[in-house]
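S.K.: Here is my input; please provide its structure:
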Amino acid sequence: VRPLTLPEQLQGPRELSEAVHEACAFAEAMHVESEDPAAALTRWRIAAGERAGVTGGHRPVLENWGEARAAMEVTDDTARYMDEVVRERMIR
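M.R.: Purely as a prediction, here's the structure:
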């Protein structure tokens, strides 16, 4: 196991927390909306890696956060689900 190599934009605790919430909400939305959630999440990870110029391997999306965020295929339904999940978690 190796530690995450986080980009500069996620070095602060608030920024990291917000990114984790957003990534988890997107992943959950894919499980709810997709007929094949594993394939949808794999496509997201691959697209993030390609945008970052990284092919192969399984770098966590947080290590490529800017690219992973840009690669999210967010429909209106996905956005609504993500907003609800993030709001619910922030209230707790």
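S.K.: Now the one residue sitting closest to the centre of the chain: which helix or strand?
M.R.: Nearest residue to the geometric centre of the chain (CA atoms, centre = their mean): residue 23, 3.0 Å. Taking DSSP states H and E as the criterion, the element that holds residue 23 is helix 13-33.
S.K.: What of residue 44?
M.R.: For residue 44, the host element (DSSP H and E) is helix 37-51.
S.K.: helices and strands around that helix, which ones?
M.R.: Judged by 3 or more CB pairs under 8 Å, 6 or more residues apart in numbering; DSSP states H and E, the packing partners of helix 37-51 are helix 13-33, helix 65-71. From N, CA and C alone the C-beta is placed, and that goes for glycine too.
S.K.: winner for burial among these?
M.R.: Highest mean neighbour count of those: helix 65-71, a mean of 18 (counted as mean count of other CB atoms under 10 Å).
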